[in-house]
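Enquirer: Structural data only, the sequence is not supplied:
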């Protein structure tokens, strides 16, 4: 039990699945595990579109989701032209996909997602949001929510894991 208490929060919460517990502690669970192992449900998939901190955002999920990252509008365009299935449960999209932060490449990504996967929950993220209220942004871009990226003393962006879990759950995926 002390070993479990010593795990990081995300890892500890992942152990609520019997299969994950058995994978994490094979010697401790070996005597209890039945021969007929229940199949694990498919893992949820998240698309992260961000030019600067995509890897950090994915790390914030602590392995709780299978994530793909896109770091530029060119990479996104190639993905679409290549016929990618876009089989994600949620997408996090940064508004600006260039260092200058003068573009709105994320809006193009969001428009494509709404056209190709209209039921997928999407999140707009930005350190510099447009000068309009969040309700207007959500309505104009068709996003589920808007996240202002900022750093606090703990170097977190937002309660990202909880936000994505809520959106996926509400979408019934």
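Expert: Here it is on my side, so go on. Model, not experiment: these values are computed from the prediction.

Enquirer: I'd like the secondary structure assignment at residue 99, please.
Expert: Secondary structure, DSSP: H, G, I helix; E, B strand; the rest coil: residue 99 is coil.

Enquirer: what's the answer for residue 125, then?
Expert: Classification of residue 125 into helix, strand or coil gives strand, according to three-state DSSP.

Enquirer: With residue 104 as the reference, measure out to it.
Expert: 13 Å (C-beta to C-beta, to the nearest Å). Where you see a C-beta, it was placed from the backbone N, CA and C, and this is true even at glycine.

Enquirer: For residue 68, pull up the helix or strand it's in.
Expert: Of the helices and strands defined by DSSP states H and E, residue 68 is found in strand 66-70.

Enquirer: For burial, what's the neighbour tally of residue 115?
Expert: The tally of other residues near residue 115 (other C-beta atoms under 10 Å) stands at 10.

Enquirer: related to what we said a few turns ago, which one's more surrounded, residue 125 and residue 104?
Expert: Between residue 125 and residue 104, counting by other C-beta under 10 Å, residue 125 is the more crowded of the two (25 against 17).

Enquirer: Setting aside sequence neighbours, what's the nearest residue to the more buried one?
Expert: Among residues not flanking residue 125 along the chain, residue 147 sits closest, at 4.6 Å (C-beta to C-beta, 6 or more residues apart in numbering).

Enquirer: a strand runs through that neighbour, doesn't it?
Expert: Yes. With three-state DSSP as the criterion, residue 147 is part of a strand.

Enquirer: Now do it, the pLDDT please.
Expert: pLDDT, residue 147: 86.

Enquirer: how many neighbours does it have?
Expert: 19.

Enquirer: now residue 91
Expert: By other C-beta under 10 Å, 26 other residues sit near residue 91.

Enquirer: Read off the pLDDT value for it.
Expert: pLDDT, residue 91: 97.

Enquirer: State the helix or strand in which it lies.
Expert: strand 90-94.

Enquirer: Now the common contact residues for residue 125 and residue 104.
Expert: residue 95 (C-beta atoms under 8 Å, 6 or more residues apart in numbering).

Enquirer: Is the residue nearest to residue 125 in contact with residue 124, as I believe?
Expert: Yes. The pair residue 147 / residue 124 is scored as a contact, 7.1 Å apart, by C-beta atoms under 8 Å.

Enquirer: What is the helix or strand that contains residue 138 packed up against?
Expert: Using DSSP H and E, residue 138 sits within helix 134-141. Contacts defined by 3 or more C-beta pairs under 8 Å, 6 or more residues apart in numbering; DSSP states H and E place helix 134-141 against helix 105-116, strand 122-126, strand 145-148.
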